[in-house]
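S.K.: next come a sequence and a model predicted from it.
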Amino acid sequence: MSETFAAMAPRYDVLRPIKSADRARLQAMLRAAGLTADDLVVEVGCGTGRLTMAMASMTRARLLGIDNEPRMLAVARAKSGEGRPSSIQWDAGSAYRLPLGDSQASLVLMSMVVHLLKQRTRAFREAGRILKPGGCLTIWTFTHPYIDSFYLNPFFPSIPQIDRARFPDHRVLERELSRAGFSTVTTTIEEQVGEVSLAEVVDRVRGRYISTLTLLPPLEYRLGLQSLEEKLAEDPGGSLTQRTEWAIVTGRMPTGPE
Ligand SMILES: C[S@@+](CC[C@H](N)C(=O)[O-])C[C@H]1O[C@@H](n2cnc3c(N)ncnc32)[C@H](O)[C@@H]1O
């Protein structure tokens, strides 16, 4: 459970809408996994289920979203009420103790989750336990160069220091996946560039749309928000460029005894 995500749950999807680049990344991941209707895809830390729901229209595989924050999961459950694809299920659970038996899943996704885990290798071992031989764990996270050039850094100078400490470098993740028993580990880096209107930036920051904003010294948060509000008042049609760099780290479970 997390106070931050409990508070964020009602507005999470509005503040962090799924983009076409997110859909393209999901498509590429599902295509590479070569899934059938007999396969199970698990999103660990699914939150409001925005990615799990998007996957439902892309694959015939069954989908299971797991999260340890009841309020995030409640949004996911409500969203999939009427017209809900019958192939999606939601379950409360921890990344360290997944509510599944051994060797059930063909693919596990952790998107924007590893920076929140205190014992990552333990969580990766647990993902390995529920994966079938040859199954994959895919991690989506941010690179350190991205953190260093994050578009809000000029307004909140502590962000890079806070997030460099939280977000593991992809080389660290590769080592941890190997230690957790994954045999083939690869990383791809993907860039995504977009313009965000100043009005949307102010709305995002007011809603503390990323957990980092809840970790800032309160005065820094207030001053940064004030500066963005002034910028918006001066230039109501203005925008900021957001350049995102994703690290996509994938580990495959061995197919048999090594
Ligand atoms: C930034 S959100 C990402 C949600 C979703 N993956 C997405 O990309 O939209 C992180 C989610 O991970 C969940 N989470 C954090 N630690 C967890 C843990 N130990 N076990 C299960 N879920 C966890 C949080 O509750 C939150 O919903």
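M.R.: Sure thing, it's come through.

S.K.: use CA for all of it now, contacts and neighbours both
M.R.: Noted.

S.K.: for the stretch 1-150 of the chain, which residues score under the pLDDT cut-off?
M.R.: Applying pLDDT under 70 to the stretch 1-150 of the chain picks out residues 81-86.

S.K.: which residues of it lie near the ligand?
M.R.: Residues of the stretch 1-150 of the chain lying close to the ligand by Cα under 6 Å from any ligand atom are 5, 45-47, 50-51, 67-69, 72, 93-95, 111-113, 116-117.

S.K.: ok, now which ones touch the closest residue to Gly128 other than its chain neighbours?
M.R.: Nearest residue to Gly128, sequence neighbours excluded (Cα to Cα, 6 or more residues apart in numbering): Met253, at 6.7 Å. Contacts for Met253 (Cα atoms under 8 Å, 6 or more residues apart in numbering) come out as Gly128, Leu131, Lys132, Pro133, Gly134, Gly135, Cys136, Gly181, Phe182, Ser183, Thr184.

S.K.: show the backbone phi and psi for Met253.
M.R.: Recorded main-chain torsions at Met253 are phi -70, psi 150, according to degrees, to the nearest 10.

S.K.: before we move on, the earlier item: report the buried members of the residues of the stretch 1-150 of the chain next to the ligand.
M.R.: Taking 16 or more other Cα atoms under 10 Å as the criterion, what is buried in those is 5, 45-47, 50-51, 67-69, 72, 93-95, 111, 113.

S.K.: for the stretch 1-150 of the chain, just list every one of the strands.
M.R.: 40-44, 62-67, 88-92, 105-111, 131-142 (DSSP state E, counting those that start in this stretch).

S.K.: and Arg164, which of these is closest to it?
M.R.: Arg164 sits nearest to strand 131-142 of all the strands of the stretch 1-150 of the chain, at 9.9 Å, using Cα to Cα.

S.K.: pull up the pairing partners for the closest one, direction included.
M.R.: The pairing partners recorded for strand 131-142 under DSSP bridges are strand 105-111 (parallel), strand 239-252 (antiparallel).

S.K.: out of those strands, deepest packed?
M.R.: Greatest average neighbour count among those goes to strand 105-111 (a mean of 24), per mean count of other Cα atoms under 10 Å.

S.K.: what does that one contact?
M.R.: Residues from elsewhere that reach strand 105-111 (Cα under 8 Å, 6+ apart): 33, 35, 39-46, 127, 130-132, 134-141.
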